[in-house]
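S.K.: 3D, please:
(one chain, ligands or ions: 1)
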Amino acid sequence: MHKVARTVAPIHRLLAERWSPRAFRPDPVAPEALVGLLEAARWAPSAGNMQPWYFIVATQEQPEEFEKLLSCLVEGNRRWCGTVPVLMLTVARVQDTGGDENRWATHDVGLAAMSLTIQAASLGLYCHQMAGVRRQHAAQLYQVPAGHEVWTAIAVGYRGDPESLPDDLMERELAPRTRKPLDSFVFSGSWGETPAWLPEAP
Ligand SMILES: Cc1cc2nc3c(=O)[nH]c(=O)nc-3n(C[C@H](O)[C@H](O)[C@H](O)COP(=O)(O)O)c2cc1C
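M.R.: Sure, this is the predicted structure:
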């Protein structure tokens, strides 16, 4: 199955080949690999180097912990996440040390999540980010302190057989990946003005 990005300029293989599957093999992720993913997240840039990210991690090796984290996902995501080897919640510390709002916190959690995702890709692992999280439930369940917000979930593992999914999800798994063209979001001079150096959309 080829889900590699069709690009108008060459991009790094890890970026082009990354995508978000729902079918995962049950094979465990080795602890060294898992630590490597979190280490990659640790070295992401952040506003004021505040490093506002936190990760709550559960693996299938600890079924009770896994079920606890699985309960934090909305039903639509629980449908396909039951057999994923690793689940994570991301949490953003949305206040700085002085108690003021850190407006860039969730931006920086996203940067850390992407670093983690690309490190995963370098190891042949795939990540699937999720906004479909029961955030209040998760915050209570994990006693997330004030000033922090449960943000997203991430499924991590090796890509599995699309046929293991229910029909509707299998269809989405096999569908080509699509993106808006560059000229719809890259401007120069003023809003909506396409830079002369931008290639024509294919
Ligand atoms: C912040 C965020 C939230 C997402 N939430 C969900 C989700 O709740 N459930 C889901 O199945 N996919 C979710 N996705 C996956 C996106 O649908 C997917 O990244 C997008 O369609 C592009 O596909 P690709 O990652 O395979 O290129 C989410 C992705 C991001 C970045």
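S.K.: got a list of what residue 114 touches?
M.R.: Going by CB atoms under 8 Å, 6 or more residues apart in numbering, residue 114 touches residue 44. Just so you know, the C-beta spots here come from the backbone N, C-alpha and C atoms, and that holds for glycine as well.
S.K.: equivalent analysis for the one 10 residues further on, please.
M.R.: For residue 124, the contacting residues are residue 158, by CB under 8 Å, 6+ apart.
S.K.: now swap in residue 138 and tell me
M.R.: Residues in contact with residue 138 (CB under 8 Å, 6+ apart) are 56, 72, 89, 144, 150.
S.K.: in the helix or strand containing it, what counts as buried?
M.R.: Residue 138 belongs to helix 135-141 when elements are defined using DSSP states H and E. Buried residues in helix 135-141, defined by neighbour count with 16 or more other CB atoms under 10 Å: 135, 138-139, 141.
S.K.: re earlier: save the contacts of residue 138 as TSV, and put in secondary structure, neighbour count and distance to the ligand too.
M.R.: Formatted as TSV, the contacts of residue 138 follow (DSSP: H, G, I helix; E, B strand; the rest coil; neighbours: other CB atoms under 10 Å; distance: CB to the nearest ligand atom, whole Å):
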residue	secondary structure	neighbour count	distance to the ligand
56	strand	19	16
72	coil	26	12
89	strand	25	12
144	coil	19	18
150	strand	23	13
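S.K.: mind checking how far the residue sitting nearest the centre point of the chain is from the ligand?
M.R.: What sits nearest the mean C-alpha location of the chain, by CA atoms, centre = their mean, is residue 129, with 3.1 Å. For residue 129, the distance to the ligand (CB to the nearest ligand atom, to the nearest Å) stands at 4 Å.
S.K.: try residue 36
M.R.: Residue 36 sits 21 Å away from the ligand, taking CB to the nearest ligand atom as the criterion.
S.K.: over to residue 39?
M.R.: As for residue 39, its distance to the ligand is 21 Å (criterion: CB to the nearest ligand atom).
S.K.: quickly find the element holding that residue.
M.R.: Here residue 39, judged by DSSP H and E, is contained in helix 31-42.
S.K.: now stretch 55-64: buried residues?
M.R.: 55-60.
S.K.: picking up where we left off before, now the helix holding residue 138: how far from the chain's centre is it?
M.R.: Helix 135-141 has its C-alpha centroid displaced from the chain centroid by 19 Å (CA atoms, centre = their mean, to the nearest Å).
S.K.: is that helix anywhere near the ligand?
M.R.: No: figure legend: helix 135-141 not in contact with the ligand (CB under 6 Å from any ligand atom); closest approach 11.8 Å.
S.K.: before we move on, the earlier item: quick one: which helix or strand includes the residue nearest to the centre of the chain?
M.R.: Taking DSSP H and E as the criterion, residue 129 maps to strand 126-130.
S.K.: what about the helix ranked longest in the chain, average pLDDT?
M.R.: As assigned by DSSP state H, the longest helix anywhere in the chain is helix 105-122. The predicted model assigns helix 105-122 a mean pLDDT of 98.
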